[in-house]
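Asker: Predicted model, plus sequence, below.
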Amino acid sequence: MPHGMLNPYFQQASERKIRALHNWVYWKLIESKLVNNADGLLFTCKTELLLARKSFSPYHPKKEVNVGFGVEPPPTFETVMSTAFFEICPEVKGHSFILSLSRILEKKGVDHLLEAYVQLLEMSEHPATTDNESQLQKLVIAGPGLDTPYGKKMQQLVASSKN
């Protein structure tokens, strides 16, 4: 189960050139034999399965299987869950909001989400018409990685935004 390691991002990201060369050599010497001789590869989603085909060559596993995330259904809602959430995010209590659950990694495109959201905020401040019925929902991004250099960079991006 590759868990994303065959995603082309890891070979194409400009900050990973040396690591990408290392990965390519490792693929040629070892990994391609493992992948292509395995009875099958298991993937957590269809996108991961399709992207794996683009990273390295030759890539010809005997079988590719989308097994899903393998996670249990969410627990039954209890009010204590809302209470806990709004203790952490009191700014959104009583408002509609957009919730993005993801690891805070460059690969996940959190910077693109934030930049797009800032653009939407700026557009909502200067609407083309005087009808301002719809107010932009608040954005909540939740996940591990805020303490990483990238996570701190995202926090600075938010702090530097006038919105």
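Answerer: Ah, there it is. Everything numeric here is computed off the predicted structure, so don't read it as measured data.
Asker: and the chain, what are its domains?
Answerer: Here the domain assignment for the chain is 9-66, 91-160, based on automatic domain parsing.
Asker: Going by mean pLDDT, which of those domains comes out lowest?
Answerer: Among these, domain 91-160 has the lowest mean pLDDT, at a mean of 86.
Asker: Endpoint to endpoint, that one covers what distance?
Answerer: 18 Å (Cα to Cα, to the nearest Å).
Asker: can you give me the helices for the chain?
Answerer: In the chain, the helices defined using DSSP state H lie at 9-12, 17-26, 32-37, 46-52, 79-88, 110-125, 149-160.
Asker: Format the ones you listed as CSV; extra columns: mean neighbour count.
Answerer: C-betas here are computed from N, CA, C, even on glycine. Below are these laid out as CSV (neighbours: other Cβ atoms under 10 Å):
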stretch, mean neighbour count
helix 9-12, 15
helix 17-26, 12
helix 32-37, 13
helix 46-52, 16
helix 79-88, 10
helix 110-125, 14
helix 149-160, 13
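Asker: Skipping adjacent residues, who's closest to the residue nearest the centre of the chain in space?
Answerer: For the chain, the residue nearest the mean C-alpha position is residue 108 (2.8 Å; Cα atoms, centre = their mean). Closest residue in space to residue 108, ignoring its immediate chain neighbours: residue 102 at 4.7 Å, by Cβ to Cβ, 6 or more residues apart in numbering.
Asker: gap between the one you found and residue 85?
Answerer: 16 Å (Cβ to Cβ, to the nearest Å).
Asker: now do residue 122
Answerer: If you go by Cβ to Cβ, the gap between residue 122 and residue 85 works out to 28 Å.
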